[in-house]
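Trainee: Structure of the sequence below:
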Amino acid sequence: MIERRLSNQKKSKDSKSPDRAPHDVTAVALAEPRKGKKAWLFGAYTFLFVWGVAYLVLFFTNRLPI
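Mentor: Coordinates of the predicted model:
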């Protein structure tokens, strides 16, 4: 693959390079969900699990505030 550099830009002359993919392929790649959404879901379920375990411990030791 031949690359030429003009200041900050890279231009690839290889026609099979992923940089020169058709527009519909790049649109599909951009439409994929981000990883941050999975992190928020994991955090939310972790919080609910920890809260549930704490509730059960307090319930069975008769220490729930009434």
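Trainee: which stretches of this protein form helices?
Mentor: Using DSSP state H, the helices of the chain run over residues 23-31, 35-60.
Trainee: Lowest mean pLDDT across those helices, which one is that?
Mentor: Lowest mean pLDDT within the helices of the chain: helix 23-31, a mean of 56.
Trainee: still on that earlier bit, so for Ile66, which of the helices of the chain sits nearest?
Mentor: helix 35-60 (11.1 Å; CB to CB). Where you see a C-beta, it was placed from the backbone N, CA and C, and this is true even at glycine.
Trainee: List the buried residues in that closest one.
Mentor: Using 16 or more other CB atoms under 10 Å as the test for burial, helix 35-60 gives no buried residues.
Trainee: counting contacts, what elements does it pack onto?
Mentor: Contact here means 3 or more CB pairs under 8 Å, 6 or more residues apart in numbering; DSSP states H and E; on that basis helix 35-60 packs against no helix or strand.
Trainee: coming back round to it: may I see the helices of the chain organised as a markdown table, with distance to Ile66 added?
Mentor: Converted to a markdown table, the helices of the chain look like this (distance: least, CB to CB, whole Å):
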| stretch | distance to Ile66 |
| --- | --- |
| helix 23-31 | 51 |
| helix 35-60 | 11 |
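Trainee: For Phe49, see how far away Trp40 is.
Mentor: 15 Å (CB to CB, to the nearest Å).
Trainee: Over to Lys38?
Mentor: In this view, Lys38 and Phe49 are 16 Å apart by CB to CB.
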